[in-house]
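Participant: sequence and computational prediction follow.
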Amino acid sequence: MRILVTIVIPVWRDTARLVALLPSLPRRQDVEIIVAATADELQEIEVASACRPDARVVAGSRGRGAQMNAGARLGAGEWLLFLHADSQLAAAAIDEIAGLPDDPGLVGGSFQFALDAPGWRARLMEWGTAQRTRRLRLPYGDQGIFVRRAVFEQLGGYREVALMEDVDFVYRLRRVGRLHRSPLPVTTSARRWHRDGWFRRMGRNWLLMALYGAGVDPRRLARRYEGRRRSVVAVFARAPSSGGKVRLFESLGVAPDPALLTALLSDTAAAVERLQGVDRALVYTPAGSREELESAASARWESLAQSEGDLGDRMAAAFRDLHALGYDEMVLIGSDVPTVPPAWIARALRALRTRTPTVVLGPAIDGGYYLIALQRPADALFQGVPWSTDAVLEQTVARARALRLSVHLLDPWYDIDDVASLRRAVLESGPSRIRTWWQSHYGR
């Protein structure tokens, strides 16, 4: 069966809207639906998409552009229609695309922007968008951009940037042909306008467009758009219920106890939360354990699932994901350093504030490191390192120098790997979850 249109829906933290959207999409043999999720939400999105058994779900790298490219690669439609999860497509939208002339000069198009809110402010936003689309030939992604597959592939798809991927794509699309302006609406949720304020959001969007036109890095714009800071401290963690720390429990002579693992994670998170002026992230495994990990922290954290592969692969991917969110100063620490001085983490961030490509390492007593910080991803830094040996730090430093990265070493510290290090942490910490656990098992 010939597939006329592939509808690609990128989703991130919007499962409820996806559930509302999928039943409303056309059920036609010449239309296929592909939902593009991130790895950390893949299982959740697969469950949510069960309401449309004909919809397929694919995992893409973090970022709307990367997700839409992943969906497009999987699809077979002659046309690709990119639809946001919080939008609703008009019933006749597919028929309109099907009725477009077979003219190679007509390369794509978009629908009319509409908001699901009453009142003059919503109508004003719609009017302004219509003027921009008509006069500047610049539709945005929330208008349901569609494009011939051959043209999409010719252009190399979306650029996988942190923000403005739709604007960049339309700029390139206009250079190769004409855009169709459909009179049919794509109705978008007005929740963000209600949340941010109608004119505040409009003004911010205009400012971001002006800055983008002036050549400002989309990653900086993404931080402003999402309200993120420049710096992030991420805890690399395993869900306590999934086990881990075999050596520690063997040293204690007790069965693996999720309560102790939760205590280590919570106290490490508390140390990070004492830092000012940074964002915080949990980079967790296994997939599907996000709520368990988030419950161990008392403040708002970004949550990102770890990738597949060995420890080096997963850390390299964590830095790629954090960088894709717009961060320029990224610190990654383990979940078993509850007594790490927050001042040392702050020192790592300061060491990154240089034009020289730099890696900051916090040496661990066992020959590894308890902290690593980068300004940008460096996948090769994590390749060929003998993980879980006392040569990890030495080999990482050697690789950094081979990659011409400046190496900055913090003071050594310890992570919790055995009964001696746990006892030390209990003695050095004030009121804490690990102290409570210790006292409940061993008294004072």
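Facilitator: Thanks, I have the structure now.
Participant: for the stretch 201-350 of the chain, which segments count as strands?
Facilitator: Per DSSP state E, counting those that start in this stretch, the stretch 201-350 of the chain carries strands over the ranges 231-238, 279-285, 302-305, 329-334.
Participant: okay, those strands in CSV with mean neighbour count, distance to residue 209 and mean pLDDT next?
Facilitator: For the C-beta atoms, the positions are set from N, CA and C on the backbone; glycine is no exception. Converted to CSV, the strands of the stretch 201-350 of the chain look like this (neighbours: other Cβ atoms under 10 Å; distance: least, Cβ to Cβ, whole Å; pLDDT from 0 to 100):
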stretch, mean neighbour count, distance to residue 209, mean pLDDT
strand 231-238, 24, 26, 94
strand 279-285, 23, 25, 92
strand 302-305, 21, 25, 86
strand 329-334, 24, 26, 96
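Participant: tabulate those in a markdown table, adding columns for distance to residue 34.
Facilitator: Shown next, in a markdown table, are the strands of the stretch 201-350 of the chain (distance: least, Cβ to Cβ, whole Å):
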| stretch | distance to residue 34 |
| --- | --- |
| strand 231-238 | 30 |
| strand 279-285 | 26 |
| strand 302-305 | 20 |
| strand 329-334 | 31 |
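Participant: out of the ones you listed, nearest to residue 26?
Facilitator: strand 302-305 (32.0 Å; Cβ to Cβ).
Participant: helices or strands up against that closest one?
Facilitator: If contacts are counted by 3 or more Cβ pairs under 8 Å, 6 or more residues apart in numbering; DSSP states H and E, strand 302-305 sits against strand 279-285, helix 290-294, helix 311-324.
Participant: CA atoms only: put that strand into PDB for me.
Facilitator: Written as PDB, here are the backbone C-alpha positions of strand 302-305 (Å, rounded to 0.1, in the frame of the first residue of the first chain):
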ATOM      1  CA  GLU A 302      16.100  17.500  35.300                       C
ATOM      2  CA  SER A 303      15.900  13.700  34.700                       C
ATOM      3  CA  LEU A 304      17.700  12.000  31.800                       C
ATOM      4  CA  ALA A 305      18.000   8.200  31.200                       C
END
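Participant: quick one: residue 369 from residue 395, how far?
Facilitator: According to Cβ to Cβ, to the nearest Å, residue 369 stands 11 Å off from residue 395.
Participant: and these two? which has more neighbours close in?
Facilitator: Neighbour count, other Cβ atoms under 10 Å: between residue 369 and residue 395, residue 369 has more, with 23 against 15.
Participant: just read off the phi/psi values of that one.
Facilitator: Backbone torsions for residue 369, taken as degrees, to the nearest 10, come to phi -140, psi 150.
Participant: before we move on, the earlier item: could the helices and strands packed on strand 302-305 go into CSV alongside distance to residue 249?
Facilitator: Shown next, in CSV, are the helices and strands packed on strand 302-305 (distance: least, Cβ to Cβ, whole Å):
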stretch, distance to residue 249
strand 279-285, 19
helix 290-294, 19
helix 311-324, 20
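Participant: hey, least reliable of these by pLDDT?
Facilitator: Ranked by mean pLDDT, the helices and strands packed on strand 302-305 bottom out at helix 290-294, which scores a mean of 82.
Participant: for that helix, packing partners?
Facilitator: Against helix 290-294 (3+ Cβ pairs under 8 Å, 6+ apart) you get strand 279-285, strand 302-305.
Participant: same thing but at 6 Å, please
Facilitator: On a contact count with 3 or more Cβ pairs under 6 Å, 6 or more residues apart in numbering; DSSP states H and E, helix 290-294 meets no helix or strand.
Participant: chain center to that helix, what's the gap?
Facilitator: With Cα atoms, centre = their mean, to the nearest Å as the basis, helix 290-294 stands 16 Å off its chain's centre.
Participant: contacts for that helix?
Facilitator: Contacts to helix 290-294, defined as Cβ atoms under 6 Å, 6 or more residues apart in numbering, come from residues 237, 239, 282, 284, 303.
Participant: and for stretch 190-202?
Facilitator: 115, 116, 117, 121.
Participant: out of these, which are inside strands?
Facilitator: Judged by DSSP state E, the subset of those located in strands is residue 115.
Participant: which of the contacts of stretch 190-202 ranks first by neighbour count?
Facilitator: Result: residue 115 is most packed of the contacts of stretch 190-202 (other Cβ under 10 Å), 23 neighbours.
Participant: residues contacting that one?
Facilitator: So residue 115 contacts 122, 188, 190 (Cβ under 6 Å, 6+ apart).
Participant: now do the end-to-end distance for stretch 191-205.
Facilitator: End-to-end distance for stretch 191-205: 15 Å, by Cα to Cα, to the nearest Å.
Participant: give me the residues contacting stretch 155-169.
Facilitator: Counting by Cβ under 6 Å, 6+ apart, 63-66, 68-69, 140-141, 172, 212, 218-219, 221-222, 225, 326 sit against stretch 155-169.
Participant: deepest-packed of the helices and strands packed on strand 302-305, please.
Facilitator: Compared across the helices and strands packed on strand 302-305, strand 279-285 shows the largest average neighbour count, a mean of 23 (mean count of other Cβ atoms under 10 Å).
Participant: export that strand to CSV, keeping only CA atoms.
Facilitator: This file holds the C-alpha atoms of strand 279-285, laid out as CSV (Å, rounded to 0.1, in the frame of the first residue of the first chain):
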residue,chain,number,x,y,z
ASP,A,279,20.8,23.5,37.6
ARG,A,280,20.7,19.9,38.8
ALA,A,281,20.1,16.7,36.8
LEU,A,282,19.7,13.0,37.6
VAL,A,283,21.2,10.7,34.9
TYR,A,284,19.6,7.4,35.8
THR,A,285,19.2,3.8,35.0
